[in-house]
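A.B. asks: Sharing a model prediction with you, sequence too.
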Amino acid sequence: EATRAHLRDRIEAALSGKEYAGVIVALVIGDQRAISQSDWKVFNRSGIGHLISISGLHITMVAGLFASIAYGLWRRSFYTAAQLPLILPAQKVAAFVGAGVALMYVLLAGFGVPAQRTLYMLSIVALALWMGRMTSVSHILCAALGFVVLLDPWAVLWPGFWLSFGAVGLILYVSVGRAHLPSHAMSSRKQRWMHQLQSALRTQYAITVGLVPLTMLLFGQTSLISPIANAVAIPL
């Protein structure tokens, strides 16, 4: 909490008088108190409000970045006197670093339900890799849900609980085991790019349609322009 307060003060000092300072604070540490109601109205009407809270997209990106760096450095140490891959495989080191960074970032972001879900899923994957075991994505999602409810039973009363697990469940439903990327030998770069674009569009379509009942039930409204807005906002 002290580190969050220090970072918030630093950002606000650097962006003093800027109307977007509150949004930057929310994107960095998940503190949304400084976002104006007019901004929230824009976010909700465009359907991108979920991007303003620290969730799976942010945590996975940061954890993946540090895991990739650790993986690359550990592998390259093989050509030095250390030869660290002979002591411990680079994949296990990357999994450990990724899970550790995810834990620190989730704590920094206030330990919200969407952040918890991502942390537990990444930790289960890292643990399975360390133990040399195979596990299914449905087991990972259910285990993460179980951990969240076990540690905080009242989490089921938060809209973020249902939207977070619902969105990930939809993504897994439309992607895992249903999409097959053509082999590099049998497809051109353009064909692979088109396949990835189709996969992204299919995922966005599934989330948009699949979450309409939940958003209507929880908030009494839904955004018709959200697929277009998210198609721009998520990569950005």
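C.D. replies: Received, thanks.
A.B. asks: after the helix or strand of the chain with the lowest mean pLDDT, next one along is what?
C.D. replies: Taking mean pLDDT, DSSP states H and E as the measure, the helix or strand of the chain with the lowest value is helix 189-210, at a mean of 78. The helix or strand immediately downstream of helix 189-210 is helix 212-219, counting by DSSP states H and E.
A.B. asks: how far is that next one from where the chain is centred?
C.D. replies: In terms of Cα atoms, centre = their mean, to the nearest Å, the centre of helix 212-219 is found 21 Å from the chain centre.
A.B. asks: confidence score at residue 93?
C.D. replies: pLDDT for residue 93: 92.
A.B. asks: Can you list the helices and strands that the least confident helix or strand of the chain packs against?
C.D. replies: For helix 189-210, the packing partners by 3 or more Cβ pairs under 8 Å, 6 or more residues apart in numbering; DSSP states H and E come out as helix 159-175, helix 226-233. For the C-beta atoms, the positions are set from N, CA and C on the backbone; glycine is no exception.
A.B. asks: what residues does the shortest one touch?
C.D. replies: Okay, so that is helix 226-233. With Cβ atoms under 8 Å, 6 or more residues apart in numbering as the test, helix 226-233 has contacts from 46-48, 51, 204-205, 208, 223.
A.B. asks: can you check the longest one too?
C.D. replies: Helix 159-175 is contacted from outside by 50, 53, 55-56, 112-114, 117, 121, 137-138, 141, 144-145, 148, 155-156, 199, 202-203, 206-207, 210-211, 214-215, 218-219, using Cβ under 8 Å, 6+ apart.
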